[in-house]
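Peer 1: Compute the structure for the input listed below.
(3 chains)
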Amino acid sequence: MSFDLFLTNLLYGLTIGSALILIASSLSIIFGVMGVVNFAHGSLSMLGAYLGYSLILWKVNFWLALVISPLIVGGIALAIEGFTLRPLYSKDPLLQFFLTYGLAMIIGNLVLYFWGADPHGIDKPLSLQGPVSIAGIFYPKFRLFVFIFSAVLSIVLWLFIARTTWGIILRAGIHNRELVGAFGINMSTVYTFVFALGSALAAIAGVILGAMRNINPAMDLDLVVGGLIAVVIGGLGSFRGAVLGALIIGLSESFGAQLWPGFSKFSVYIVMVAILLWRPEGLIKEV
Amino acid sequence: MASGRVDQGSMMGWLAFLKKYSGWIVLVCLILFPLSAGTLVSGFYISLFIRIFIFGLVLLGFDILMGYGGLASFGHAMFFGTGAYVTAILMKYVSPSIWVGMGGSIVACALGGLVIGYLCIRSRGLYFAFLTFAFSQFFFLFFNSWSFVGAADGMAGIPKPTVGFGIDLGNRIVFYYFSLGMLVVGYGVARHVVNSAFGRVLVGIRQNEERIAFLGFNVQRCMLVAFLLSSIYGGVAGCLFAGYQSFVSPAVYHWGLSGEIMIMDLLGGMGTLIGPLIGTAFVIYLGDFLSSWMHETWLMVLGALYVIAILFSPDGIMGLMKRITHRGT
Amino acid sequence: MKKREKARSTDLNRREFLKTMAGLGAAAAIGPLAAPAIARGADRTIKIGMILPYSGVWSALGLRAEQGARYAVSLSKYRDRVKYIVEDSREDPAVCVEKAQKLVERDEVDIIIGPAAGHTALAVSEYCKGKKKLMLLVYGGNVKISGSNCSRYTFLCGHTTYSVSAPGVPWMFENLGKEIFLIGNDYSSGRDICSWFKAGYLKRGGTVVGEVYPALGTSEFAPFLSQIQHAKPRPKVVAGFLSASDTINFTKQYAEFGLKKEGIPIVSSIGSYSSMNVDAIGEAAEEIAYDIHHWAPTLPHKENIEFMEGYQKFAKMDVEDSAVLGYEVGTTITYALDQTGGDPNNEKLADAIAKRQWVGPRGKCSFAPNHCVMHTTYVRQVKRVKGKLAPVAIVNLGLQTTPGDATGPGGQCKL
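Peer 2: Prediction:
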């Protein structure tokens, strides 16, 4: 493979990876803190994408839509958490998983019902249209933005979890909820906050992905499955693992499509099985 | 006062009778059902029941693995699909006898179950679920692109199955009894396994794996046997499916099917064997009914029903029934 | 005292349980019984069963096609006699056949309007063949149905993958260039179309510079686009077929990669550049994107203009290709009923339909002996019309159909 081709695949692997980071990071936080595998994550992201689409259609600025959409989705997530997830916290995680499966069905079909089944595009802001040249390779500006955005987001979230008091509370909560409660901190509120935050982040991801690709009623399943694979490979509960997992998937999809064109879709699962057999609990154990 | 006591006695007697023989009563109804089809009720419902019996078989094996053993496999479609495709290929190119197909499916799924099970058993919980998911995706992607079996379009033109003894298995009512018979046999075997010492060890592993290991049981081997059993049940069911449908498409390997299998187990009541059967009937009938009634929005309603069911009866229909019947005692 | 209360409470609970069980039992019993009673209506009712996609990727097609058919019937004198029973096909062959069984055996419909995807259409067609039930396909453009699996009772009213792809080869060769790069989704339609393009080009002495088959649902086409960029000799046209969502991603990224600037046109098939998709793509498609299809919203003849206005008023939805497909099925049904004097007897209807010739929104149409529609095929280009991007028919390729003889793409049709 020529250096040119290698660099192309590397760049685009990072693109796919950074898009996945947007979803996987928020999914990982929700799991890490609440122990909930949120199957509805992709649907909330899709909802955010469609809301963003409608907002922009009503002449709202792209950046403003990027703020309003997650606020709406975060609010909806608050309601969902209060009414459906909260009663199940002490129960079998399998039940929680299926609850979110049912929620995903509901939200996904609500979107289909209200917006219809046609695929749409979200217009990129003018400042981010067109390509730049990286070492002689055409790289669209918007994808560069996505890469930078996801890198910044990962760093900010990581610092929040690892360095701030709040982050420490979150992590302590995973290990021993009662003890944290004994300190006078209401874990229920924390859970609600985390779920809303994670869902808002998913909405942002949806808008950005909608601009990068397109929005369609089937995108929720692609997103959540991709995100879950990244999180599982990286190690459930590990934020750094989720980011790493997302990058690995991106690169394996990109190089896989180049090296084995007929088997590009296999490459992700081959990597997943290989990693899980080698390290049954994922790559990184700590946060 | 006296009459009250007599009432209580006879009521108790009647209810106990119902409860004890409920399985037999249902079986008799199912046996008599096809006689009403065509006269009272459309022949379409025979198809519905055949589907329920076929998936009931899958769920019996699956419940042994997840309900009793505690391992939630999110890739069970791979055994159902393997059974279906192996049977389809054998019936089309080797012999239309359903026994050939079934034999092939059992062998294929046993082999697959051994290999895949061995690899997956080392993990637990969500990792196990995702590992099985990944393996099942392999199957899906492979069969989705293998032109020999028609790739994404699937394989059509599978001949009607034969069963020997001059019986025409292509007749829908005959197939109904055949699949019902297989379900009854399957249930008997599963019930025997679950009630045996092995079954109890399995439950023990689900509740406290370390303890069972300390007691000297080979946990990995038990889990592998459970996995193997569930894979064979899946294969037999897949065989029946291919025999009945006369075509197979990669949809039999789709992860949505794995999810549906899990839901049927959960909704019915995990770890009861009967529960999953009820869950299967419930999900299939409900899906059929809803999708006709509200063809645009039925998935939304179905999702809402799942959510409500999980919130209000987390131990499924069986749990609900237990709570209703035990409230008096 | 206490004993009596206890007895009462247990009685109550037993009663509750028995009521629940009885209720469930009654519901289970009544459910199947009630349905046929509702379905058996007045003798003069004509029941049309629809198996269309309402969930999943194809759902855009289902609703529009249904409205197209309903619109056509609403214009006829049968509108008060027709009853529709609509089922969600989920584009799963097993589900489609079950729904077909339900419609034919339980609801006793007169006509089936069939599913969208190629493999589901084939499965249902085989079932209807066995039941001698008339089936009109909205899309379901599987070449096998026009070939070896053709049936007296099945009519392909829309088009096949062949009739809206292969006929474009001569035009591409003469007008765009002799070096072609093929791209198609990795499934039957994508691969079939690319193989027809390849065969057509090789037969004329052209060159296939490269071929790639991205999986369905590919969101990043970079590895494929870089192959196009590096292909030698330079391709004069990039052609093939991608699904709606993939077309959108591909075309957008095509421009981002600078291939639009290089000026290599993209030619897709089956109307990939519909108004809806072009809307989602935006400027990236302008002038550079072509497709081959049997209809364009800009066709000027009066049947099309009347149809578009009427459909929009009736369905309150935009006109897309699936609306046209549904409409053509609907008019075929009403035409056939006219011929049989309102009698929904399937044998008579099948005979009538086979002879139909008409001018519809697509132009002149008729049915070939293999029950596959003969329609005009156009080359369309994405151009700006009244400030909006739309696919404009620029070339009329004449009447096309899918041959049902031994050399046809689907094999020999024996009717």
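
Peer 1: which stretches of chain C have low pLDDT?
Peer 2: C:1-43 (pLDDT under 70).

Peer 1: Can you pull the domain assignment for it?
Peer 2: If you go by automatic domain parsing, the domain ranges for chain C are C:46-160+C:300-374, C:166-293.

Peer 1: Please give me every residue in contact with the residue of the stretch 201-329 of chain B found nearest chain A.
Peer 2: Nearest residue of the stretch 201-329 of chain B to chain A (C-beta to the nearest C-beta) works out as residue B:303 at 2.9 Å. Bear in mind the C-beta positions are built from the backbone N, C-alpha and C, glycine included. Contact analysis of residue B:303 by C-beta atoms under 8 Å, 6 or more residues apart in numbering or on different chains lists A:101-106, A:109.

Peer 1: Not counting residues beside it along the chain, what's closest to the residue in chain A that chain B sits nearest to?
Peer 2: Nearest residue of chain A to chain B, counting by C-beta to the nearest C-beta: residue A:105, 2.9 Å away. Of all residues not flanking residue A:105 in the chain, residue B:303 sits nearest, at 2.9 Å (C-beta to C-beta, 6 or more residues apart in numbering or on different chains).

Peer 1: measure stretch C:294-308 end to end?
Peer 2: Length of stretch C:294-308, first residue to last, C-alpha to C-alpha, to the nearest Å: 15 Å.

Peer 1: Is that stretch in proximity to chain A?
Peer 2: No. Using C-beta under 8 Å from any C-beta of the partner chain, stretch C:294-308 stays clear of chain A, coming no nearer than 14.6 Å.

Peer 1: List the contacts of residue 109.
Peer 2: Picking chain A for this. Here residue A:109 is in contact with B:297, B:299-300, B:303, C:55 (criterion: C-beta under 8 Å, 6+ apart).

Peer 1: hmm, I had chain C in mind actually
Peer 2: C:47-49, C:85, C:103, C:133.

Peer 1: now with 7 Å?
Peer 2: For residue C:109, the contacting residues are C:47-49, C:85, C:103, by C-beta atoms under 7 Å, 6 or more residues apart in numbering or on different chains.

Peer 1: all strands of chain C, in order?
Peer 2: C:46-52, C:82-88, C:111-114, C:134-137, C:154-156, C:179-184, C:207-212, C:237-241, C:266-268, C:289-293, C:357-360, C:363-367, C:373-385, C:388-400 (DSSP state E).

Peer 1: ok, and for the last one, which residues are buried?
Peer 2: With burial defined by 16 or more other C-beta atoms under 10 Å in any protein chain shown, the residues of strand C:388-400 counted as buried are C:389-393, C:397, C:399-400.

Peer 1: which one of those residues sits closest to residue B:252?
Peer 2: residue C:400 (36.1 Å; C-beta to C-beta).

Peer 1: Could you report the neighbour count for residue B:210?
Peer 2: 9 (other C-beta atoms under 10 Å in any protein chain shown).

Peer 1: That one falls within a helix, correct?
Peer 2: Yes. Counting by DSSP: H, G, I helix; E, B strand; the rest coil, residue B:210 is part of a helix.

Peer 1: Can you tell me how far it is from residue A:285?
Peer 2: Distance, residue B:210 to residue A:285, by C-beta to C-beta, to the nearest Å: 20 Å.

Peer 1: do the same with residue C:188
Peer 2: Residue C:188 is 45 Å from residue A:285, by C-beta to C-beta.

Peer 1: ok, these two, which is more surrounded?
Peer 2: residue C:188 (21 against 12).

Peer 1: need the contact list for that one.
Peer 2: So residue C:188 contacts B:151-153, C:118 (C-beta under 7 Å, 6+ apart).

Peer 1: same deal with residue B:273?
Peer 2: B:60, B:63, B:187, B:190-191, B:194.

Peer 1: In PyMOL, how would I select the buried members of these?
Peer 2: A single PyMOL command selects the buried members of the contacts of residue B:273 (16+ other C-beta under 10 Å):
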select buried, chain B and resi 60+63+187+190+194
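
Peer 1: Switch the contacts of residue B:273 over to JSON lines; also include pLDDT and distance to chain A.
Peer 2: Formatted as JSON lines, these follow (pLDDT from 0 to 100; distance: C-beta to the nearest C-beta, whole Å):
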{"residue": "B:60", "pLDDT": "96", "distance to chain A": "19"}
{"residue": "B:63", "pLDDT": "95", "distance to chain A": "13"}
{"residue": "B:187", "pLDDT": "95", "distance to chain A": "24"}
{"residue": "B:190", "pLDDT": "95", "distance to chain A": "21"}
{"residue": "B:191", "pLDDT": "94", "distance to chain A": "24"}
{"residue": "B:194", "pLDDT": "93", "distance to chain A": "20"}
